[in-house]
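Peer 1: here is the input, now give the coordinates:
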Amino acid sequence: MPAATDHSEHVYRIAQQSSAAACSPVAASWRRCMTVHGLAPEEARTPWRLSDGELIEARERSGVLLAEAGGELDRLFAILGKAGCCLLLTDDKGVALERRGSGGDDADFRGVGLWSGTVWSEASVGTNGIGTAIADERPVIIHRDQHFLSRNIGLSCATAPIRDELGRIAAAIDISTCRDDASEMTLSILSQAVRDAAGRIEANLFRRAFTGARIVLVPADRAGPALLAVDRDDVVLGATRAARQWLGLDDRRIAGGVPASDLLEERASGEGTEFSDAERAALRRVLSRANGNVSMAADLLGISRATLYRKMKRLSLN
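Peer 2: Presented below is the predicted three-dimensional model:
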């Protein structure tokens with residue numbers, strides 16, 4: 001098979017160049033597959049497959065993920081299923097937990113291993129959409145001969161990772177196609193679709209993890225949902241990955257307790273003065289209605305007296 005032979009030789013040549021790996025995420029993945037996972041591009045290997053019992057256990061561990069992602073998979077498949085696409089939802093190890101595909105395409109997708117219970121990590125099948133998105137912790141497109149294994153060069157994949165409420169990789173959602181006419185433009189459209197779906201699933205997981213908390217949308221220029229979970233005292237309980245990056249948050253700072261209004265004002269830059277003035281005016285009105293009684297004003301605002309005192313001190317209200 002000349003095309004497969006040419007591909008294997010190309011992978012060997014590029015993967016052995018450290019300069020190429022430094023410049024190209026695909027080349028870096030190829031090099032990782034050879035040096036870390038001990039794979040060879042000409043291997044006729046299929047993805048590792050879990051037993052029925054192991055798949056049941058994996059699905060049970062990801063029960064919350066499956067509950068929150070099912071609707072998104074159905075919605076995506078309703079749009080893209082007739083275009084010869086297969087959808088997979090995996091856990092953080094690349095195990096395919098859920099699949100959507102048309103019956104007429106099942107033979108092709110089963111043949112390449114795009115099926116529930118298969119493992120699409122880089123250690124299993126080299127560079128691929130799912131495994132490389134999880135390894136690099138970013139959305140990826142792996143188009144045909146960008147795959148590591150020669151047997152997978154007829155496959156095109158667009159994948160996005162999904163993060164949990166602590167910002168850790170929890171899963172991946174993938175759209176793959178075996179169509180010969182899949183263009184780079186088509187893959188770009190599919191990539192945007194999976195990134196949007198991943199963001200909605202991530203937001204669903206976050207809201208579920210902080211049921212009862214107030215969810216605040218942070219106006220951040222980061223990929224993914226930028227959300228804060230805030231308690232009744234205005235203290236941040238949790239933050240998505242995008243919000244953490246934008247606001248400089250980590251687990252230690254969240255555990256220490258930080259008021260959401262302080263964080264948002266810190267990021268408001270030029271708008272900070274207006275924000276402070278508006279908040280000061282609002283607090284003065286409530287204190288006036290309460291005749292200066294801080295406990296009564298705190299009750300009217302739905303916050304604790306300590307939180308109100310802290311706000312008054314920050315805004316120089318005596």
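Peer 1: where does the nearest residue to Ser150 once chain neighbours are set aside fall, secondary structure wise?
Peer 2: Nearest residue to Ser150 in three dimensions, chain neighbours excluded: Ala4, at 3.8 Å (CB to CB, 6 or more residues apart in numbering). Every residue, glycine included, has its C-beta placed from N, CA and C. Assigned by DSSP states H and E, Ala4 falls within helix 2-15.
Peer 1: that helix packs against which elements?
Peer 2: Helices and strands touching helix 2-15, by 3 or more CB pairs under 8 Å, 6 or more residues apart in numbering; DSSP states H and E, are helix 25-35.
Peer 1: that older thread, what's the angle from the helix holding Ala4 to helix 25-35?
Peer 2: For helix 2-15 against helix 25-35, the angle by axes from the mean of the first three to the mean of the last three CA atoms, to 10 degrees is 90 degrees.
Peer 1: ok, residues contacting helix 2-15?
Peer 2: Residues lying outside helix 2-15 but in contact with it, judged by CB atoms under 8 Å, 6 or more residues apart in numbering, are 20-21, 24, 27, 30-31, 33-34, 40-42, 145, 148, 150-151, 153.
Peer 1: now it: how far from the chain's centre is it?
Peer 2: Centre-to-centre, helix 2-15 and its host chain are 32 Å apart (CA atoms, centre = their mean, to the nearest Å).
Peer 1: quick check, Leu87 in a helix?
Peer 2: No - counting by DSSP: H, G, I helix; E, B strand; the rest coil, Leu87 falls outside a helix, being strand.
Peer 1: pretty sure it contacts Thr177?
Peer 2: No - at 10.5 Å, Leu87 and Thr177 do not qualify as touching, with contact defined as CB atoms under 8 Å.
Peer 1: domains in this structure, as residue ranges please.
Peer 2: Here the domain assignment for the chain is 42-207, 214-314, based on automatic domain parsing.
Peer 1: for stretch 151-167, how far is the first residue from the last?
Peer 2: With CA to CA, to the nearest Å as the measure, stretch 151-167 spans 34 Å from end to end.
Peer 1: now swap in stretch 7-26 and tell me
Peer 2: Using CA to CA, one end of stretch 7-26 lies 14 Å from the other.
Peer 1: which parts of it are buried?
Peer 2: 7-8, 11, 15, 20-21, 25-26 (16 or more other CB atoms under 10 Å).
Peer 1: related to what we said a few turns ago, from the contacts of helix 2-15, which has minimum pLDDT?
Peer 2: Across the contacts of helix 2-15, the smallest pLDDT goes to Ala21, namely 82.
Peer 1: in this structure that one contacts Ala27, no?
Peer 2: Yes - applying CB under 8 Å, one finds Ala21 in contact with Ala27, separated by 4.8 Å.
Peer 1: what is the burial count for the residue nearest to Ser150?
Peer 2: Residue neighbour count, defined by other CB atoms under 10 Å, stands at 16 for Ala4.
Peer 1: quick check: it vs Arg110, distance?
Peer 2: Shown here: Ala4 relative to Arg110, a distance of 20 Å by CB to CB, to the nearest Å.
Peer 1: how about Ala133?
Peer 2: Distance of Ala133 to Arg110, given as CB to CB: 22 Å.
Peer 1: then Ala3?
Peer 2: Between Ala3 and Arg110 the computed distance is 22 Å (CB to CB).
Peer 1: now Asp136
Peer 2: According to CB to CB, Asp136 and Arg110 sit 27 Å apart.
Peer 1: how about the longest helix seen in the chain: buried residues?
Peer 2: Among the segments of the chain that qualify as a helix by DSSP state H, the longest is helix 184-209. Of the residues in helix 184-209, 186-187, 190-191, 193-195, 197-207 count as buried by neighbour count, 16+ other CB under 10 Å.
Peer 1: just the domains of the chain: most buried one?
Peer 2: Highest mean neighbour count of the domains of the chain: domain 42-207, a mean of 20 (counted as mean count of other CB atoms under 10 Å).
Peer 1: measure that one end to end?
Peer 2: For domain 42-207, the first-to-last residue distance is 45 Å (CA to CA).
Peer 1: and what of stretch 221-234?
Peer 2: From its first residue to its last, stretch 221-234 covers 23 Å (CA to CA).
Peer 1: and it, how far out from the chain's middle?
Peer 2: Mean-position distance between stretch 221-234 and its chain equals 15 Å (CA atoms, centre = their mean).
Peer 1: may I have the phi/psi pair for Gln16?
Peer 2: phi -80, psi 0 (degrees, to the nearest 10).
Peer 1: if I look at the spatially closest residue to it that is not a sequence neighbour, how far off is Pro25?
Peer 2: Excluding the flanking residues, the one nearest Gln16 by CB to CB, 6+ apart is Arg31, at 7.8 Å. Distance, Arg31 to Pro25, using CB to CB: 11 Å.
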